[in-house]
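> mind looking at a prediction? Sequence and model below.
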Amino acid sequence: MTGPDILDDTTDDYERLETELVAQDRDAARVATADIDERSARRLVNDLLEDDMVRPIPDQRVLVHEPSSEAFDSITQLAVFHRGWRAARDAEDD
């Protein structure tokens, strides 16, 4: 587009706005799983142990996430995994 109409053309602005709004919607729909500190991870894993959702295997030094049968040697990895697992399960229920 050339001439004075080029200043009035807002097509690119509209497309950028739409792209940004879609990205914001996706971000809002995602569940944060990676932002967990050591203290929160320990608290979550202790709760999971009490609820029999995690089983410790002391001789192998791992924790097994019972619903998925995944084994972890890190409390933080287990906590992050469980948050993601729970978010996926909740999304399936919706």
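That came in fine, so what should we check first? Since the structure is predicted, the reported quantities are computational estimates derived from the model, not experimental observations.

> quick one, helices of this protein?
For the chain, the helices defined by DSSP state H cover 11-29, 38-50, 75-93.

> and the last one, what does it pack against?
Taking 3 or more C-beta pairs under 8 Å, 6 or more residues apart in numbering; DSSP states H and E as the contact definition, the neighbouring helices and strands of helix 75-93 are helix 38-50, strand 62-65, strand 70-72. (Glycine included, C-beta is placed from N, CA and C.)

> quick one on the thing from earlier: relative to His65, which of the helices of the chain is closest?
Closest of the helices of the chain to His65 is helix 75-93, at 6.3 Å (criterion: C-beta to C-beta).

> could I get the average pLDDT for stretch 39-47?
Computed over stretch 39-47, the mean pLDDT rounds to 94.

> ok, stretch 20-28 next?
Here stretch 20-28 scores 67 as its mean pLDDT.

> start the count at 13, not 1, going forward
Taking 13 as the first residue, the last one we looked at is stretch 32-40.

> with respect to Pro70, which of the helices of the chain lies nearest?
Once those are compared by C-beta to C-beta, helix 50-62 is nearest, at 12.6 Å.

> what does the closest one contact?
Contacts to helix 50-62, defined as C-beta atoms under 8 Å, 6 or more residues apart in numbering, come from residues Ile48, Val66, Pro68, Leu75, His77, Ile87, Thr88, Leu90, Ala91, Val92, His94, Arg95.
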